[in-house]
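# Coordinates for the following, if possible.
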Amino acid sequence: MIKRILRGCVVGMIATPLVVAHPAQCETVTLDVELKLTDREYHPLADVPLRLVPGVADWQAADAGVRLVTDKEGAARFATQAVIDRRWRWTNIGFTPLSMPSRVDHIAVAAELEFALPRKDGEDTIRHWLYTAEIYRYRDGDCSTDDLDKIYEAGPDGRFTQLLGSGATGPNFLMKIDGWVLTGSGYKLWDFMLSPDKTDPTGKHWHLKLGLMRMPKVQLR
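Below is the predicted model:
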C-alpha cells in the first residue's frame, strides 16, 4: 500500500452505491514529529540510533527521512516536510458486520531500526530493517492504524526493496532469516496521533506523535 500511495498519490476508490470514486488528494506540509522509544514495560530506551521516514515519496531510499538518536527519555523531536493525503477508508458500524466509507487524512511512515539476531557460535548479528505503517485520522480527530506491517531489507544498491515479511505484528507473522524462522518482528507501534495545528490558518502545519516499542530479544530454540 505504501508504494502505491506515495509514488502517484492518484489512488482511486472503486465506486459503490454509497460512494463516487475520487482520486486521493495529496498535500506537502510541515510536520512536527515527536517520537518515543520504549521497551515492553514502557521504560525509555536512550541513545538508540534510528531513521524515521514520515510521508516521503522515495521512502525506500537509504538516505530518505531523518536520522536521529533518542535522548535519555527515549524521545526525539524534529520538523520535516511530509506528504499527507486524503482518501476513503471503510470502517465498521458499531458491533455489526456492516461498514461504511469515511474520508480520512493519511500518512505513510517508515522506520529503519536495528534487529539483533542471536547466533549460537558468537555475538549477535545486527540487521537493519525498514518497518512500514499507515496512520489514518478521522473527522472527529480519532486515529487508527494496522500497526507495523511490511518489513524490508536493503538490496545490493542500498535501497530497501527486499520484502522480508508482512503483517509484522499479527498473530500469524512468520519470517525466515538465515535459516531461522522468526515469529516476531522485534517492534510494535503502541502510540500514534496525527493532527493539524489548529493555530495555523493555512492548514499546512501538522503534528505526528509516535510511540515505538522494542520487544524482548528473540531466542534461538
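# Please, which helix or strand holds the residue nearest in space to the middle of the chain?
Note on the chain: the residue nearest the mean C-alpha position is Ala133, at 2.6 Å, using C-alpha atoms, centre = their mean. Assigning secondary structure by DSSP states H and E places Ala133 in strand 122-137.
# Asp71 now?
Using DSSP H and E, Asp71 falls outside every helix and strand.
# sec struct for the spatially closest residue to it that is not a sequence neighbour, please.
Residue nearest to Asp71 in three dimensions, not counting chain neighbours: Ala46, with 6.5 Å by C-beta to C-beta, 6 or more residues apart in numbering. C-betas here are computed from N, CA, C, even on glycine. Taking DSSP: H, G, I helix; E, B strand; the rest coil as the rule, one finds Ala46 in the coil state.
# all helices for this structure, in order.
2-8 (DSSP state H).
# Send me the longest strand belonging to the chain as CSV with only the CA atoms.
The longest strand of the chain (DSSP state E) is strand 99-119. Provided in CSV are the C-alpha atoms of strand 99-119 (Å, rounded to 0.1, in the frame of the first residue of the first chain):
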residue,chain,number,x,y,z
SER,A,99,-19.1,-0.9,7.3
MET,A,100,-19.3,2.5,5.7
PRO,A,101,-16.7,4.7,4.0
SER,A,102,-15.2,7.8,5.7
ARG,A,103,-12.9,10.5,4.4
VAL,A,104,-9.7,10.4,6.3
ASP,A,105,-6.3,12.1,6.4
HIS,A,106,-3.5,9.6,5.8
ILE,A,107,0.3,9.5,6.3
ALA,A,108,2.6,6.6,5.4
VAL,A,109,5.5,6.1,7.9
ALA,A,110,8.7,4.0,7.7
ALA,A,111,11.3,3.5,10.3
GLU,A,112,14.8,1.9,9.9
LEU,A,113,15.5,0.0,13.1
GLU,A,114,18.2,-2.4,14.3
PHE,A,115,17.2,-6.0,14.9
ALA,A,116,19.6,-8.2,16.9
LEU,A,117,19.6,-11.7,15.5
PRO,A,118,21.4,-14.1,18.0
ARG,A,119,23.9,-16.7,16.9
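# for the strand holding Ala133, the distance to its chain's centre please.
10 Å (C-alpha atoms, centre = their mean, to the nearest Å).
# what's the angle from that strand to strand 99-119?
Interaxial angle, strand 122-137 versus strand 99-119 (axes from the mean of the first three to the mean of the last three C-alpha atoms, to 10 degrees): 170 degrees.
# How many residues are close by Leu113?
Applying other C-beta atoms under 10 Å, we find 23 residues neighbouring Leu113.
# re earlier: ok, the residue nearest to the centre of the chain to Gly186 distance?
14 Å (C-beta to C-beta, to the nearest Å).
# ok, back up a step: right, and the residue nearest to Asp71 touches Gly74 too?
Yes: using C-beta atoms under 8 Å, Ala46 is in contact with Gly74, at 5.8 Å.
# if you count what's nearby, which of those two comes out ahead?
Neighbour comparison, Ala46 and Gly74: the larger count goes to Gly74, with 21 against 13 (by other C-beta under 10 Å).
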